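Trainee: Pasting the sequence and the predicted model now:
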Amino acid sequence: MIITGKRHDFIIDYDVGFDDTGRIAALKMTYAAKAGNVADLSPPVVTRALCHADNCYYIPHAHFRGYACKTNTTSNTAFRGFGGPQGMVGIEGVIEAIACATGLRPEQVWRRNLYGIGSRDRTPYGQKVEDNIIEALVDQVERDARLADRRADIDAFNRQSPVIKKGIALMPVKFGISFNLPALNQAGALVHLYTDGSIHLNHGGTEMGQGLFVKVAQVVAQIFGVGLDRIKVSATRTDKVPNTSATAASTGSDVNGMAAQEAAMAIRNRLVDLLARHFSFPESAVRFEGGKVYAGQNELSLGEAASLAWRNRISLSSTGYYRTPKIHWDPKTMQGRPFYYFAYGACVSEVALDTLTGENRVLRTDIIHDVGTSLNPAVDKGQIEGGYVQGMGWMTMEELWWDAAGVLKTHAPSTYKIPGSRDVPPEFNVHILQDSPNRERTVYRSKAVGEPPLMLALSVWLALRDAVGSLADHKLPVNLDPPCTAEAVLDAVEDLQRRTAKRAAE
């Protein structure tokens with residue numbers, strides 16, 4: 001904990017121009033990242049932060065600049081989101097500041113700035129938003145979470161409660177999927193079919209508990225019409241699949257799944273061709289299902305079909321390779337299409353805080369998240385829940401603290417607080433967006449789910465700011481930056497109370 005890199009601290013400065021309706025006309029933002037004593041992955045982290053500084057909002061005139069700042073501390077490095085969360089923190093702070101200045105609710109402001117169609121679909125880095133579903137998605141979560149009714153209830157509660165204050169906020173998310181460095185968007189796979197009907201699978205993705213091996217195995221199992229028990233996934237190793245890319249940028253299932261699909265389909269097509277000729281049926285009459293292979297009225301086990309192929313000297317082994325199409329990026333001009341597609345999500349979080357101590361907690365969370373056509377709903381839902389809770393910890397309690405000598409003091413579970421089971425919202429409603437296949441050609445039209453859900457937890461930060469802002473009837477800006485520890489919340493409360501008193505005196 002003392003010597004390893006952490007997520008980059010950012011200082012964000014901005015100037016924004018907007019009209020009385022809250023619509024942004026121009027935005028200038030500067031992102032300064034605490035890189036540490038060596039460059040490490042700081043430049044691409046800053047680049048990705050800049051590419052997510054727009055989040056879901058169309059900005060007609062944008063000037064974004066990022067700096068990787070060298071400091072005499074341990075080198076910071078990549079973490080889930082890879083700069084994307086920091087980029088979105090900046091723009092959400094802008095949205096809230098506009099709301100305060102115009103007397104509007106934050107959701108009124110961001111609705112007026114959402115990406116649309118026609119002239120309002122181009123990002124600051126030049127990519128056109130072609131798969132925009134964010135407005136329909138936030139409409140659904142607003143209805144399901146009863147946002148308008150609950151906000152009225154919270155306003156009434158805050159008027160009657162002098163100590164405990166509640167807040168609520170909705171966070172929309174648009175997260176780009178692909179590595180900003182195009183060369184990394186490739187993958188390979190190796191598939192063997194044995195004469196007993198078992199299948200050996202190897203690919204370039206690394207399993208770290210996120211369910212990647214299960215998803216890619218499902219792809220191969222689907223192609224051969226067998227259960228997962230017939231698939232043996234071997235450990236990732238470069239003597240099987242060389243020159244692998246990092247399992248990162250939420251691309252693991254996309255690229256490795258497509259590579260495995262190509263390898264498995266090559267073997268399947270050989271079997272189809274053989275069986276069609278062997279039984280004198282058209283290839284369309286050959287199907288794989290239930291662990292069997294059918295050629296017209298003829299039925300074979302997968303092992304029997306593989307044995308037939310072996311006797312006819314037909315290869316039962318194949319490699320697969322995939323490279324993500326359409327993407328390109330110019331690192332000098334910071335323009336191009338760095339992302340194959342976008343994953344979307346929306347979250348409503350409700351919080352309560354104690355104005356005497358700063359103690360706070362999340363009371364309820366409602367999430368609808370877009371995963372395209374889910375490869376595995378159980379795995380995807382687990383990623384959404386886990387990403388949100390991890391992001392909630394980053395937003396509310398995970399504070400790094402150095403003493404005057406520059407020694408990290410929050411370096412153990414006794415000093416560095418992470419979310420536990422009792423920190424999970426008591427009411428936690430997580431839903432996968434239905435009937436929304438990926439418009440781009442991905443494995444079974446699925447979408448990535450590793451990183452995007454973490455950003456949904458920014459709604460907790462926004463809800464805490466909403467709760468603090470109620471002390472001034474949302475007429476003054478709230479000075480509360482993450483992590484929103486009890487100490488930070490109490491400081492924000494006292495700061496707002498002082499400014500409110502000063503304003504009243506004037």
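Mentor: Structure's in. What do you need?
Trainee: Point out where the stretch 1-150 of the chain drops to low pLDDT.
Mentor: Of all residues in the stretch 1-150 of the chain, none has pLDDT under 70.
Trainee: so where do the strands sit in it?
Mentor: 10-18, 24-36, 62-70 (DSSP state E, counting those that start in this stretch).
Trainee: same question, the stretch 251-400 of the chain
Mentor: 286-289, 292-295, 298-301, 317-323, 328-330, 335-337, 341-354, 360-369.
Trainee: For the longest helix belonging to the chain, name the packing helices and strands.
Mentor: Secondary structure of the chain per DSSP state H: the longest helix is helix 252-279. The contact analysis (3 or more CB pairs under 8 Å, 6 or more residues apart in numbering; DSSP states H and E) places helix 252-279 against strand 186-193, strand 199-203, helix 212-224, strand 286-289, strand 292-295, strand 298-301, helix 302-311, strand 317-323. To be clear about C-beta, it is placed using only N, CA and C from the backbone, and glycine gets the same treatment.
Trainee: Present these as CSV; the columns should include distance to Ala488 and mean neighbour count.
Mentor: Formatted as CSV, the helices and strands packed on helix 252-279 follow (distance: least, CB to CB, whole Å; neighbours: other CB atoms under 10 Å):
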stretch, distance to Ala488, mean neighbour count
strand 186-193, 42, 24
strand 199-203, 44, 23
helix 212-224, 36, 22
strand 286-289, 57, 16
strand 292-295, 62, 21
strand 298-301, 63, 14
helix 302-311, 59, 19
strand 317-323, 45, 17
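Trainee: What is the helix or strand hosting Leu170 packed up against?
Mentor: Under the criterion of DSSP states H and E, Leu170 resides in strand 164-177. The contact analysis (3+ CB pairs under 8 Å, 6+ apart) places strand 164-177 against helix 84-102, helix 106-111, helix 134-145, helix 147-160, strand 341-354, helix 458-469.
Trainee: Report how many residues lie close to the closest residue in space to Tyr416 that isn't next to it in sequence.
Mentor: Spatial nearest neighbour of Tyr416, excluding adjacent residues (CB to CB, 6 or more residues apart in numbering): Thr410 at 4.2 Å. The tally of other residues near Thr410 (other CB atoms under 10 Å) stands at 15.
Trainee: Quick one: classify Thr410 as helix, strand or coil.
Mentor: coil (DSSP: H, G, I helix; E, B strand; the rest coil).
Trainee: Report the separation between it and Asp423.
Mentor: 17 Å (CB to CB, to the nearest Å).
Trainee: Which positions in the strand holding Leu170 come out as buried?
Mentor: For strand 164-177, burial by neighbour count (16 or more other CB atoms under 10 Å) applies to 165-177.
Trainee: Closest to Trp394 out of the residues you listed?
Mentor: Minimum distance to Trp394 across those is 13.7 Å, recorded for Met171 (CB to CB).
Trainee: partner residues bridging that closest one?
Mentor: Cys347 (DSSP bridges).
Trainee: on that earlier part again, how much space between the residue nearest to Tyr416 and Met1?
Mentor: For Thr410, the distance to Met1 - CB to CB - is 8 Å.
Trainee: hey, what's in contact with both of these two?
Mentor: Tyr416 (CB atoms under 8 Å, 6 or more residues apart in numbering).
Trainee: Identify the residues contacting the closest residue to Gly90 other than its chain neighbours.
Mentor: Nearest in space to Gly90, with sequence neighbours left out and distances taken as CB to CB, 6+ apart, is Ile12 at 4.2 Å. Applying CB under 8 Å, 6+ apart to Ile12 gives the contacts 29-32, 86, 89-90, 93.
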